[in-house]
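Colleague: Quick one: sequence and predicted model below, then my questions.
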Amino acid sequence: MKKQFVGSSLLLAAFFTFVPFASASGNIPAPAVDETPSAGKPETAIFAGGCFWGMQGVFQHVNGVINAVSGYAGGKQSRTANYPTVSTGLTGHAESVSVTYDPQKISYGQLLQIFFSVAHDPTELNKQGPDYGTQYRSAIFPQSKEQDNIARKYLSQLNAGHFYNAPIVTTIEDNASFYPAEKYHQNFLNDNPDNGYIVINDLPKVQQLKSSYPALWRQDPVLVKN
């Protein structure tokens, strides 16, 4: 489904009535199992949770993130990893974000916590906001056995804690390749802050990141270089 736009009065209403996806009891807890801080090379995390404009925009404002690239993951064929084809919902790909991060500054578990509480609603099945289709599904694409273990245990932790008003539908999909999206999709939130879709669906998430995780917030986003 193509992204939707509405009038200015609805934009303002949506912006000021946004609430977090977690229950009214507060933010979801950090993972009980996480990776230990490492002085090694940068690591990569790949997530899908609706339109990649917002996913990328959120993670670009996270301290410790080195790069966040919009793209496609989950499908089996690289030739179908392009916006017109993925938009059909028939490729197996999901709009995704590849997050390169410094494990000395932020952990995989902290990225997961942001993913589940701010970046998207993990209770929406094959949709996110106004967008419908498997290409907008909630998914985690682990890049190592350690990431897979952390993600699965965190998912179990969240399910056991009943922090949401509906079941979590996030899938964990191993051995997925990531393909960067077209140039015009990169930095879209940063470059188009007045876009109707961005104002309604994505800017509130960035503001929620700032208020919920002030220690992880960075004012100036890390942008994809052309």
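Modeller: Arrived safely.

Colleague: ok, then the element right after the biggest helix by length in the chain?
Modeller: The longest helix of the chain (DSSP state H) is helix 145-161. Proceeding N to C from helix 145-161, the next assigned helix or strand is strand 171-172, under DSSP states H and E.

Colleague: Name the surrounding residues that touch that following strand.
Modeller: 137-140, 142, 148, 151-152, 155 (Cβ atoms under 8 Å, 6 or more residues apart in numbering). Where C-beta positions appear, they are placed from N, C-alpha and C, glycine not excepted.

Colleague: 7 Å instead, please
Modeller: Contact partners of strand 171-172, identified using Cβ atoms under 7 Å, 6 or more residues apart in numbering, comprise 137, 139-140, 142, 148, 151-152, 155.

Colleague: Do me a favour and average the pLDDT over that strand.
Modeller: Strand 171-172 shows a mean pLDDT of 98.

Colleague: residue contacts, the nearest residue to Lys127 once chain neighbours are set aside?
Modeller: Leaving aside its sequence neighbours, Lys127 sits nearest to Tyr136 (Cβ to Cβ, 6 or more residues apart in numbering; 5.7 Å). By Cβ under 7 Å, 6+ apart, the contact list for Tyr136 reads 50-51, 94-95, 126-128.

Colleague: can we see that at 6 Å?
Modeller: By Cβ atoms under 6 Å, 6 or more residues apart in numbering, the residues touching Tyr136 are 50, 127-128.

Colleague: Give me the buried positions along the longest helix of the chain.
Modeller: Neighbour counts using 16 or more other Cβ atoms under 10 Å place 147, 150-151, 154-155, 157-158 of helix 145-161 among the buried residues.

Colleague: And for stretch 59-70?
Modeller: Buried, per 16+ other Cβ under 10 Å, within stretch 59-70: 59-65, 67-70.

Colleague: and which of these is nearest to Asn175?
Modeller: Val69 (19.4 Å; Cβ to Cβ).

Colleague: Quickly list what the closest one is bridged to.
Modeller: Ser98 (DSSP bridges).

Colleague: Would you check that it makes contact with Pro180?
Modeller: Yes - counting by Cβ atoms under 6 Å, Val69 touches Pro180, with 5.3 Å between them.

Colleague: Inside helices: which ones of the buried residues of stretch 59-70?
Modeller: Per DSSP H, the buried residues of stretch 59-70 map to helices at Phe59.

Colleague: and the buried residues of stretch 59-70, which two are the farthest apart?
Modeller: Farthest pair in these, by Cβ to Cβ: Asn63 and Ser70, 20.0 Å.

Colleague: Going along the chain, name the strands of this protein.
Modeller: 43-49, 65-73, 94-101, 127-128, 131-132, 138-141, 171-172, 178-180 (DSSP state E).

Colleague: Figure out which of the ones you listed is closest to Tyr164.
Modeller: Of all the strands of the chain, strand 138-141 comes closest under Cβ to Cβ, at 11.7 Å.

Colleague: Let's see that closest one as PDB, backbone CA atoms only.
Modeller: Extracted in PDB, the C-alpha atoms of strand 138-141 (Å, rounded to 0.1, in the frame of the first residue of the first chain):
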ATOM      1  CA  SER A 138       7.800  -6.700  12.500                       C
ATOM      2  CA  ALA A 139      10.900  -8.700  12.200                       C
ATOM      3  CA  ILE A 140      14.400  -9.100  13.600                       C
ATOM      4  CA  PHE A 141      17.200 -10.400  11.400                       C
END
